[in-house]
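[1] Got a predicted model here, sequence first, then my questions.
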Amino acid sequence: MIVAMAAYQGEQATEKLLAALPTELPRNYVSWVNEPEADDRLTLLRTSVNKGTPFGRSAWVAKLAGQYNLSVTVRAVGRPRKSAH
């Protein structure tokens, strides 16, 4: 279960560790954060975390991979297939 940052703000020890938020949180923040992800999206998120790959739309991921030299993280695992010449 994801615990929202708002739940921590009342605890003194934790409060010292947190910086002030740059903007107001939406009214439904806690329920939004705790909503379960769809199975297909959860699979993509887990793959992204495990491979260290940026998470998002393909074009955005490709842009970031090029910009930050992360091309290794977005390639398929294993040896490239032989071309059919």
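    Happy to help now that I have it.

[2] if you average pLDDT over the helix or strand that contains residue 64, what comes out?
    Using DSSP states H and E, residue 64 falls within helix 58-67. Averaged over helix 58-67, pLDDT sits at 85.

[3] Pull the residues that contact the helix or strand following it.
    Later in the chain than helix 58-67, the nearest helix or strand by DSSP H and E is helix 71-74. Helix 71-74 has contacts (C-beta atoms under 8 Å, 6 or more residues apart in numbering) with 51, 52, 53, 54, 61, 62, 65. No exception for glycine: its C-beta is placed from N, CA and C like everyone else's.

[4] Can you classify the third one by secondary structure?
    Going by DSSP: H, G, I helix; E, B strand; the rest coil, the secondary structure assigned to residue 53 is coil.

[5] where's it relative to residue 20, distance?
    Taking C-beta to C-beta, to the nearest Å as the measure, residue 53 falls 31 Å from residue 20.

[6] between the two, who's got more neighbours?
    residue 53 (18 against 4; other C-beta atoms under 10 Å).

[7] What is the three-state secondary structure of residue 77?
    Applying three-state DSSP: residue 77 is coil.

[8] that older thread, which two among the contacts of helix 71-74 are spaced furthest apart?
    Spatial extent of these (C-beta to C-beta) is set by the pair 52 and 62 at 15.4 Å.
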